[in-house]
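In: build me a model from this:
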Amino acid sequence: MADKTRVEAPAVTAKTRGTGVLTMFTMKGDPIKALSGFKLPAGAHVAIVSGKPESVSAIRKSVRGRVVRITEVVERAPQHTQVERKPLVDRSAFEPDARSRAMLEGVRIAQQDLRDAGGAYDLDQVRTLLHGVSRQAIDKRVQDGSLLAVPGPSNRRSYPTLQFNREGTVVPGLKAVREALQTSNSWAVLNFLSHPDARLGNRKPIELLKSGQIELVLEAARRHGEQGA
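Out: Numbering: from 1, shown residues only. Next comes the predicted model:
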């Protein structure tokens, strides 16, 4: 039997846990009168369905002792097509622009230059090579350009190894090269020194400096600086 508080289709079919299918019929009008004289087929059952708490309470009292099983069914609201919502935080606002990405790529290239050039010494290692000179003396040489230093881990200075001769002395001509390049950017100086240059017969400027050919390197550096490379 069906409570009038529910409006359902004439027949509802639902799958059960077994292999069969459960079909529920909702009677029109007064279900008591509708079932009068009705012969219930084998395997069929009569159920009373209600969605109102007050009706459920009244039904429990009326059919007490005559009910085989009471089952509560939770109805879920129909799932409508979800409208895609924009996130509260616009992630695109945090993406670096082309100029910022180019700066980042420049740092990566510079770090690769350093790696290819043989890495770098830290301050204590440079002091050892230069026979215990003071920190102040090293700082002065970095500032005037006669010693090349690049930002290292924790923003501490690192000193590219390519600028030292085998005996530990600093390659001459570094200050003049920086002036010819017209830059104070240590990464730019390192890039110039460590890469083969067509103006030098595809030889690396640092190799010519070590062999004493400073003027050839300075001429290439001037032309390099004039081109803004």
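
In: hey, which helix or strand in the protein has the poorest pLDDT?
Out: Lowest mean confidence among the helices and strands of the chain (mean pLDDT, DSSP states H and E): strand 11-15, at a mean of 47.

In: show me the shaky parts of this protein.
Out: 1-25, 28-29, 43, 56, 61, 63-65, 67-83, 225, 227-229 (pLDDT under 70).

In: for it, just list every one of the helices.
Out: For the chain, the helices defined by DSSP state H cover 31-34, 53-62, 98-116, 123-129, 135-144, 174-181, 186-194, 205-210, 214-226.

In: how far out from the middle of the chain is the fourth one?
Out: A distance of 39 Å separates the centroid of the chain from that of helix 123-129, by CA atoms, centre = their mean, to the nearest Å.

In: contacting residues around residue 144?
Out: For residue 144, the contacting residues are residue 175, by CB atoms under 8 Å, 6 or more residues apart in numbering. C-beta: built from backbone N, CA, C; applies to glycine.

In: about what we covered before: possible to save the helices of the chain as CSV with distance to residue 164?
Out: Shown next, in CSV, are those (distance: least, CB to CB, whole Å):
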stretch, distance to residue 164
helix 31-34, 102
helix 53-62, 89
helix 98-116, 14
helix 123-129, 6
helix 135-144, 13
helix 174-181, 11
helix 186-194, 12
helix 205-210, 9
helix 214-226, 16
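
In: residue 42 is nearest to which of those?
Out: Of all the helices of the chain, helix 31-34 sits nearest to residue 42, with 19.9 Å by CB to CB.

In: buried set for the closest one?
Out: For helix 31-34, the neighbour count (16 or more other CB atoms under 10 Å) marks residue 31 as buried.

In: repeat that for stretch 155-166.
Out: So for stretch 155-166, counting by 16+ other CB under 10 Å, buried means 157, 158, 159, 160, 162, 163, 164.

In: which one of those residues is nearest to residue 27?
Out: In terms of CB to CB, no member of the buried residues of stretch 155-166 lies closer to residue 27 than residue 158, at 89.0 Å.

In: so what's that closest one closest to, chain neighbours aside?
Out: Spatial nearest neighbour of residue 158, excluding adjacent residues (CB to CB, 6 or more residues apart in numbering): residue 152 at 3.2 Å.

In: burial count for residue 220?
Out: 21 (other CB atoms under 10 Å).

In: actually, residue 213.
Out: Neighbourhood size, residue 213 [other CB under 10 Å]: 15.

In: got phi/psi on the residue sitting furthest away from the middle of the chain?
Out: When distances to the mean C-alpha position of the chain are computed (CA atoms, centre = their mean), the maximum falls on residue 37, with 72.5 Å. Here is the backbone geometry of residue 37 (degrees, to the nearest 10): phi 80, psi 0.

In: next up, the contacts around it.
Out: Residue 37 neighbours (CB under 8 Å, 6+ apart): none.

In: distance of it from residue 153?
Out: With distances taken as CB to CB, to the nearest Å, residue 37 is found 95 Å from residue 153.

In: what of residue 103?
Out: 19 Å.

In: and these two? Which one has more around it.
Out: Neighbour count, other CB under 10 Å: between residue 103 and residue 153, residue 103 has more, with 10 against 7.

In: tell me how far the more buried one lies from residue 52.
Out: Separation of residue 103 from residue 52 (CB to CB): 68 Å.

In: which residues touch the nearest residue to residue 141 once chain neighbours are set aside?
Out: Nearest residue to residue 141 in three dimensions, chain neighbours excluded: residue 147, at 3.8 Å (CB to CB, 6+ apart). If you count contacts by CB under 8 Å, 6+ apart, residue 147 has them with 126, 138, 141, 159, 163, 170, 174.
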